[in-house]
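Undergrad: let me see the structure of the following:
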Amino acid sequence: MAILLTVLLAEWLAGRHKGLYGKNDYLVNGLCALLGFTIRPLLALSVALFIGAVVPVAQGSFSDWPFWPSLIAILVLADFCMYWLHRWSHINRQNPVFNWIWKLHRTHHTAKYVNVLLHFRINLFWGMVTPVTWVHSLAFYLGLQEPAIVSILIFSIWGIFTHSHFRWDDTLRRHQWLGKPFRALEHIIVSPGIHHTHHGYGRDGKHYRNFGLVLSVFDWLFGSLHIPEGRPQNYGLAERRPHWAEEVFYPVYQEKFSRYLATAKDSA
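TA: Sure thing, here's the model as predicted:
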């Protein structure tokens, strides 16, 4: 929270939030942040309770594992699984069977900007399906509490920096001597530029690329890595934004069902 508030204050003082938000943004960002600190932890707890019910004999079974190998295993497994779910959600956005995954994730992409507020702009139920929740809950249950806590901190802090409006990596990428080594590093680690590209469309915007959260190595290995030259031409999605309640509460609230019920009521 200290890091988040520091970056948020720096963005605000630098004028990076001026004129960005409409009514829909205030509702979605405010509700997502509120639910993120109140309801979503209870949903994560339900995942942990489910794991305990399914594999009761495994509790604490990895508690003697050393810290550093455990941390690396948790972080890599969580990001690897997240890469595939994240990629699956984007490539199946038009699939009538699997597009519900995209609709859960879509909230994070509808904003026409990228800053640290996007770190919390997440559908209420996204955490129920994301591997980051499941892998860390499983790690806690298996007795790997300390490395799991550090892994969560890494994901959280790195998410703050990759969503920040500040693009310190652009300078490094264009540097005469540091440019090539930094680009090589971007094949392993996600930079702000790489993640900004994922939130954009048009020139240097490719929401169908760069699915890793901390590690870009899986994008590199599986052919979805795009290292940008600058900021995306546009942020957000080119398509129409859904109702704010659907962004936050899908699938409990769905705009098409509300329209259908309203039409049926008028007909009656």
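Undergrad: against Glu246, how distant is Arg240?
TA: Arg240 sits at a distance of 12 Å from Glu246 (criterion: C-beta to C-beta, to the nearest Å). C-beta coordinates here come from the backbone N, C-alpha and C atoms, glycine included.
Undergrad: looking at the two, which is more packed in?
TA: Set side by side, Arg240 and Glu246 show more neighbours around Glu246, with 21 against 6, by other C-beta atoms under 10 Å.
Undergrad: hang on, the more buried one packs against Tyr253?
TA: Yes - using C-beta atoms under 8 Å, Glu246 is in contact with Tyr253, at 5.4 Å.
Undergrad: any chance you could map the strands in this protein?
TA: For the chain, strands defined by DSSP state E occupy the ranges 200-202, 205-206, 234-235.
Undergrad: most packed of the ones you listed?
TA: For these, the largest average neighbour count (mean count of other C-beta atoms under 10 Å) is found in strand 205-206, namely a mean of 20.
Undergrad: mean confidence score for it?
TA: In this model, strand 205-206 carries a mean pLDDT of 94.
Undergrad: what pairs with that strand, parallel or antiparallel?
TA: The sheet places strand 205-206 alongside strand 200-202 (antiparallel), with pairing taken from DSSP bridges.
Undergrad: tell me the phi and psi of the residue nearest to Ile227 when sequence neighbours are not counted?
TA: With C-beta to C-beta, 6 or more residues apart in numbering as the criterion, Ile227 has its nearest non-adjacent residue at 5.3 Å, and that residue is Glu186. The phi/psi pair for Glu186 (degrees, to the nearest 10) reads phi -70, psi -10.
Undergrad: which one of the strands of the chain lies nearest to Ser156?
TA: The minimum distance between Ser156 and the strands of the chain falls on strand 234-235, with 21.9 Å, by C-beta to C-beta.
Undergrad: any idea how many residues pack against the residue nearest to Ile227?
TA: Glu186, neighbours per other C-beta under 10 Å, totals 22.
Undergrad: His195 versus that one, what's the distance?
TA: As for Glu186, its distance to His195 is 11 Å (criterion: C-beta to C-beta).
Undergrad: next up, the contacts around the nearest residue to Asp219 once chain neighbours are set aside.
TA: Excluding the flanking residues, the one nearest Asp219 by C-beta to C-beta, 6+ apart is Leu225, at 3.8 Å. Applying C-beta atoms under 8 Å, 6 or more residues apart in numbering, we find Leu225 in contact with 187, 194, 209-210, 216, 219.
Undergrad: just the buried members of those residues?
TA: Neighbour-count burial (16 or more other C-beta atoms under 10 Å) applied to those gives 194, 209-210, 216, 219.
Undergrad: for these, give me CSV that also has distance to Asn95 and pLDDT.
TA: CSV is the format used below for these (distance: C-beta to C-beta, whole Å; pLDDT from 0 to 100):
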residue, distance to Asn95, pLDDT
Ile194, 26, 97
Arg209, 19, 97
Asn210, 21, 98
Ser216, 26, 98
Asp219, 21, 98
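Undergrad: want to throw those residues into TSV with distance to Trp168?
TA: Below are these laid out as TSV (distance: C-beta to C-beta, whole Å):
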residue	distance to Trp168
Ile194	13
Arg209	21
Asn210	18
Ser216	17
Asp219	21
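Undergrad: ok so, going back, how close does the residue nearest to Asp219 sit to Leu5?
TA: Leu225 sits at a distance of 32 Å from Leu5 (criterion: C-beta to C-beta).
Undergrad: can you check Gly179 too?
TA: For Gly179 relative to Leu5 (C-beta to C-beta), the value is 32 Å.
Undergrad: would you mark the buried spots in stretch 30-50?
TA: Buried residues in stretch 30-50 (16+ other C-beta under 10 Å): 31-32, 35-36, 40, 44, 47-48.
Undergrad: where does Asn95 land on pLDDT?
TA: Reading off the model, Asn95 has pLDDT 95.
Undergrad: and it, how many neighbours does it have?
TA: Using other C-beta under 10 Å, Asn95 has 12 other residues around it.
Undergrad: equivalent analysis for Ser89, please.
TA: Count around Ser89 with other C-beta under 10 Å applied: 24.
Undergrad: for Arg183, what are its contacts?
TA: Arg183 is in contact with 173, 227, counting by C-beta under 8 Å, 6+ apart.
Undergrad: no more questions from me, cheers.
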